[in-house]
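[1] Quick one, what's the 3D model for this:
(one chain, ligands or ions: 1)
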Amino acid sequence: MMNVLIVFAHPESESLNGSLKELAVDVLNDEGHQVQVSDLYTMNWKAVLDKDDFPERMNKELFNPIAEQLNAVEKDNIPLDIKREMDKVLWSDVIIFQFPIWWSNFPAILKGWIDRVFYNGFAFNVGEMKLYNEGLLKGKKGMLSFTTGASRELYTDKGPHGDIEVLVKYFNHLLFEFVGMDALPYFAIFGPGEMSEEERENELDRFEEIIRNLP
Ligand SMILES: Cc1cc2nc3c(=O)[nH]c(=O)nc-3n(C[C@H](O)[C@H](O)[C@H](O)COP(=O)(O)OP(=O)(O)OC[C@H]3O[C@@H](n4cnc5c(N)ncnc54)[C@H](O)[C@@H]3O)c2cc1C
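    This next block holds a predicted model:
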């Protein structure tokens, strides 16, 4: 049995991403796993890391976020919304990010979750070089699950957007592996808007199979 955290970043629960999230919850529950969902838009998640995150700063003259993160961890002085997410991360064996690709990247609200939750001193420790194999979230697994507007052909090395495999490799390496996690193979539905109903159903079936057999 595993503990799975789904970080869901789509503003519409009735979207295809919303369906993927719901399907994952149902299948994981069905398999006997524990699931928590961080539905970032519904939570009204604050996406921007700023000075307000650090009401009791170590250095009040100059704001150095990475140093203040470490200080906040050491003083156990972390805002409640961030602390709650950190607790979910610590609880989880697997973290799934479910999101639409926006500007070939995470939606800002999800990027902001990473900025504000994967603290220096919590997910990694840059001063002590606790990165990659020494990362503080070692033993956990991460999976990117996303949809695109563009077809698969547009995201190949010969296509205008370049090779999606390269993009995913960097995301996996510089996000999950950076903090010591193992990256699971990604799942993507490319250009669902251009698909027939049947093709979309096949993609949902493919997703169900992957989630049912999560390593
Ligand atoms: C700011 C911004 C930037 C973007 N940048 C990029 C980019 O860089 N690259 C890129 O490729 N795209 C980009 N896009 C497009 C975006 O990635 C897609 O619109 C998104 O991935 C589609 O996912 P969705 O959940 O919103 O799909 P939806 O629009 O909800 O659904 C897609 C299709 O699936 C159908 N559907 C919904 N639910 C189900 C279901 N349960 N079963 C069967 N069918 C269903 C819908 O009717 C629709 O036809 C961008 C979009 C925005 C807003």
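[2] list the contacts for the residue nearest to L137 when sequence neighbours are not counted?
    Counting by CB to CB, 6 or more residues apart in numbering, L137 lies nearest to V179, which is 4.4 Å off, once chain neighbours are set aside. Backbone N, C-alpha and C define where each C-beta goes, glycine included. Residues counted as contacts of V179 (CB atoms under 8 Å, 6 or more residues apart in numbering) are 118, 123-124, 131, 135-137.
[3] Spatially, which two of these are the most separated?
    Farthest apart among the contacts of V179 by CB to CB are F118 and L131. That separation is 11.7 Å.
[4] Find residues that contact each of those two.
    Counting by CB under 8 Å, 6+ apart, the residues touching both F118 and L131 are 124, 179.
[5] okay, these two: which has more neighbours?
    A side-by-side neighbour count of F118 and L131, using other CB atoms under 10 Å, places F118 first with 20 against 16.
[6] What parts of this protein come near the ligand?
    Counting by CB under 6 Å from any ligand atom, the positions of the chain adjacent to the ligand are 10, 15-17, 19, 100-104, 147-150, 192-193, 200, 204.
[7] quick one: which of the residues you listed sit in strands?
    100, 147 (DSSP state E).
[8] Please list only the buried members of the residues of the chain next to the ligand.
    The neighbour-count test (16 or more other CB atoms under 10 Å) marks 10, 16-17, 100-102, 147-148, 150, 192 as buried among the residues of the chain next to the ligand.
[9] Just send the residues you listed back as CSV, with pLDDT too.
    Formatted as CSV, these follow (pLDDT from 0 to 100):
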residue, pLDDT
H10, 98
L16, 98
N17, 98
P100, 98
I101, 98
W102, 98
T147, 98
T148, 98
A150, 97
P192, 97
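[10] could those residues go into CSV alongside distance to K158?
    Below are these laid out as CSV (distance: CB to CB, whole Å):
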residue, distance to K158
H10, 30
L16, 27
N17, 28
P100, 24
I101, 19
W102, 24
T147, 22
T148, 17
A150, 14
P192, 22
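[11] which among the residues you listed gets closest to Y41?
    Closest to Y41, out of all of these and judged by CB to CB, is H10, at 7.0 Å.
[12] Now do the contacts for the closest one.
    Taking CB under 8 Å, 6+ apart, one finds 17-18, 21, 41, 98-100, 107 in contact with H10.
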